[in-house]
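S.K.: pasting a predicted model and its sequence here:
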Amino acid sequence: QVQLVESGGGLVQVGDSLRLSCAASRRTFSMLQMAWFRQAPGKEREFVAAIRWSSGTTYYADSLKGRFTISRDNAKNTMFLQMDSLRPEDTAKYYCSSSTWCAGLGCNDEQYYNYWGQGTQVTVSS
């Protein structure tokens, strides 16, 4: 089992930046890819970004390219999401996830991820 713990969420103003972290509880050799998803009230969970653990190749939802940056620290088993120029529509609960069987651009749906964190709330106030 892999436990994922998110941190870094909070209440910010429009245009601010925020950096989310996701720490994995154990060695990540079995994890092919990690991703961030988000879910706003009354909406379905949506893909934000993903990163192949071994190569560091990144994938983004088209609507978020240029504002969000995903990265990882292999030595610390930690993934990050740098969010810039935040907007009210970015308000959501952000979830960290990992997949032991799917990697690549096509793994942009929650069905491909078998481990999940509890989520961290991001609220962008105007």
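M.R.: Happy to help now that I have it.
S.K.: which residues touch Tyr95?
M.R.: Neighbour list for Tyr95: Glu6, Trp36, Phe37, Arg38, Gln39, Arg45, Trp116, Gly117, Gln118, Gly119 [criterion: C-beta atoms under 8 Å, 6 or more residues apart in numbering]. In short, each C-beta sits where N, CA and C put it, glycine included.
S.K.: now the last one: how far from Ser54?
M.R.: I take that to be Gly119. For Gly119, the distance to Ser54 equals 26 Å [C-beta to C-beta, to the nearest Å].
S.K.: re earlier: now, of the contacts of Tyr95, which are buried?
M.R.: Neighbour-count burial (16 or more other C-beta atoms under 10 Å) applied to the contacts of Tyr95 gives Glu6, Trp36, Phe37, Arg38, Arg45, Trp116, Gly117, Gly119.
S.K.: just give me the closest of the residues you listed to Leu86.
M.R.: Arg38 (12.0 Å; C-beta to C-beta).
S.K.: need the nearest residue in space to that closest one, chain neighbours excluded.
M.R.: Ala92 (3.9 Å; C-beta to C-beta, 6 or more residues apart in numbering).
S.K.: distance of that neighbour from Thr120?
M.R.: For Ala92, the distance to Thr120 - C-beta to C-beta - is 10 Å.
S.K.: same check, this time on Ile70
M.R.: 15 Å.
S.K.: what's near enough to touch Asp16?
M.R.: Counting by C-beta under 8 Å, 6+ apart, Asp16 has contacts Leu86, Val124.
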